[in-house]
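S.K.: Next one to model:
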Amino acid sequence: MIEQTSGSAQPQLPIRDIKNIKIIIPPKDILEDFLLKVNPLYKKLNSNQQQIKTLENIRDTLLPKLMSGEVKIKLEKEK
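M.R.: The predicted structure follows:
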């Protein structure tokens with residue numbers, strides 16, 4: 001498909017070429033099976049992204065306080 005693009009600064013795919021592209025659409029049962037397999041992955045991805053945001057917010061709140069000495073951490077001595 002790259003060989004069909006034109007333009008030097010920003011490659012383009014003209015409408016006339018897009019109309020000639022054949023797209024294979026799988027049967028409904030295959031699509032449903034695919035969704036059953038990937039939906040848990042997307043849910044986990046979303047959960048991970050939410051956790052990352054929460055942890056970033058905690059870091060952004062605590063780090064300045066730790067650096068300024070406003071918050072101190074008690075370290076346990078190694079045995």
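S.K.: Next, report how far the top helix by length along the chain is displaced from the centre of its chain.
M.R.: As assigned by DSSP state H, the longest helix anywhere in the chain is helix 28-68. Taking C-alpha atoms, centre = their mean, to the nearest Å, one finds helix 28-68 lying 9 Å from the centre of the chain it belongs to.
S.K.: any idea of the mean pLDDT in that helix?
M.R.: Regarding helix 28-68, the rounded mean pLDDT is 97.
S.K.: Let me see the contact set for Leu66.
M.R.: Ile73 (C-beta atoms under 8 Å, 6 or more residues apart in numbering). (Each C-beta comes from the backbone N, C-alpha and C, glycine too.)
S.K.: Quick check: it vs Lys37, distance?
M.R.: As judged by C-beta to C-beta, to the nearest Å, Leu66 and Lys37 stand 43 Å apart.
S.K.: Same question for Ile15.
M.R.: For Ile15, the distance to Lys37 - C-beta to C-beta - is 34 Å.
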